[in-house]
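Provided below are the primary sequence and the corresponding predicted coordinates.
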Amino acid sequence: MTRWSLLVLATLVQAGERCGDASNLCYAWSLEGRCDDGDFYKKSCPFSCGICTPHSCSAANASEAFCSVEDDAEHAAAGGLQCNFWHLLEDRGPLDLYFIHPDPDEEHTHVGRLAHGEAVSLQTYPDHVFQLRDPGNDELVAVVRMFPDRDVIGFDKDYLDAVAGCVDTPPSSWDGDCHEEASAGGCVANPGWMSVFCAKSCHSCHLRHTDRHLCDSGTRSY
């Protein structure tokens, strides 16, 4: 198995911890105004209650698009994931994998090229978004967002069928915007709500396949 060591944009708070909520209900609670009801909600839902803000760690290069760590253990301690991508589309030749920078003014980063049947181990972080494109005609084949403890093990026909026609279906009582919430880190901070009602913006329709999304947040060797 090929191993790529591209490490990009860790989502951390200054204390070295991820800015996230302890419950999938936090976002709904915040909409109900419960953040002002006591310390329980502020401690359990720091992201939804605005107590902390995800930000990118700094990097040495001018674009600050990458963040390096010493080894797998440090990567895992920083909230990182080590996941596998598999190219299993029989009717496709080589496919290019791109990291999608959260800043729309930044160019996508070409991570590498996968041949049919090839697997790659990639170090990344929750909330990172990747694209799979055909280098022959630049066709967009798939888009996937990284979630804690989940990854996409196989890009195959079943995967493409699962994400085809993916749409956002927020409840009519919600006055928010799926795209804006996704851009602000809401998909990972509130996965139980966002991945269901804002599936298109969160690129989370692939999570319907529960047999192919386990991802080890610890150390692996290949």
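That came through fine. From a predicted model like this one, the values you see are computed outputs, not experimental measurements.

To which secondary structure element is residue 84 assigned?
strand 81-86 (DSSP states H and E).

now the next helix or strand after that strand against strand 81-86, angle please.
Once the chain leaves strand 81-86, the next helix or strand it forms, by DSSP H and E, is strand 95-100. Relative orientation of strand 95-100 and strand 81-86, computed by axes from the mean of the first three to the mean of the last three Cα atoms, to 10 degrees: 150 degrees.

Give the other helices and strands that the strand holding residue 84 contacts.
The contact analysis (3 or more Cβ pairs under 8 Å, 6 or more residues apart in numbering; DSSP states H and E) places strand 81-86 against helix 72-77, strand 119-124. (Each C-beta comes from the backbone N, C-alpha and C, glycine too.)

what's the least confident stretch among these?
Sorting the helices and strands packed on strand 81-86 by mean pLDDT places helix 72-77 lowest, at a mean of 52.

related to what we said a few turns ago, so the strand holding residue 84 versus strand 119-124, what angle?
Using the same axes, to 10 degrees: strand 81-86 against strand 119-124 is 150 degrees.

May I see the buried residues of stretch 176-192?
178, 181-182, 185-191 (16 or more other Cβ atoms under 10 Å).

Export it to CSV, keeping only CA atoms.
Taking Å, rounded to 0.1, in the frame of the first residue of the first chain, the C-alpha atoms of stretch 176-192 are listed here in CSV:
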residue,chain,number,x,y,z
GLY,A,176,-29.8,28.8,8.7
ASP,A,177,-27.8,28.1,5.6
CYS,A,178,-26.2,24.7,5.1
HIS,A,179,-23.3,25.9,3.0
GLU,A,180,-22.4,28.6,5.5
GLU,A,181,-22.6,26.3,8.4
ALA,A,182,-20.5,23.7,6.6
SER,A,183,-17.9,26.3,5.8
ALA,A,184,-17.8,27.3,9.5
GLY,A,185,-16.9,23.7,10.6
GLY,A,186,-20.5,22.7,11.5
CYS,A,187,-20.3,19.3,9.7
VAL,A,188,-17.7,17.9,12.1
ALA,A,189,-18.9,19.9,15.2
ASN,A,190,-22.5,18.7,14.8
PRO,A,191,-22.3,15.6,12.6
GLY,A,192,-25.5,14.0,13.8
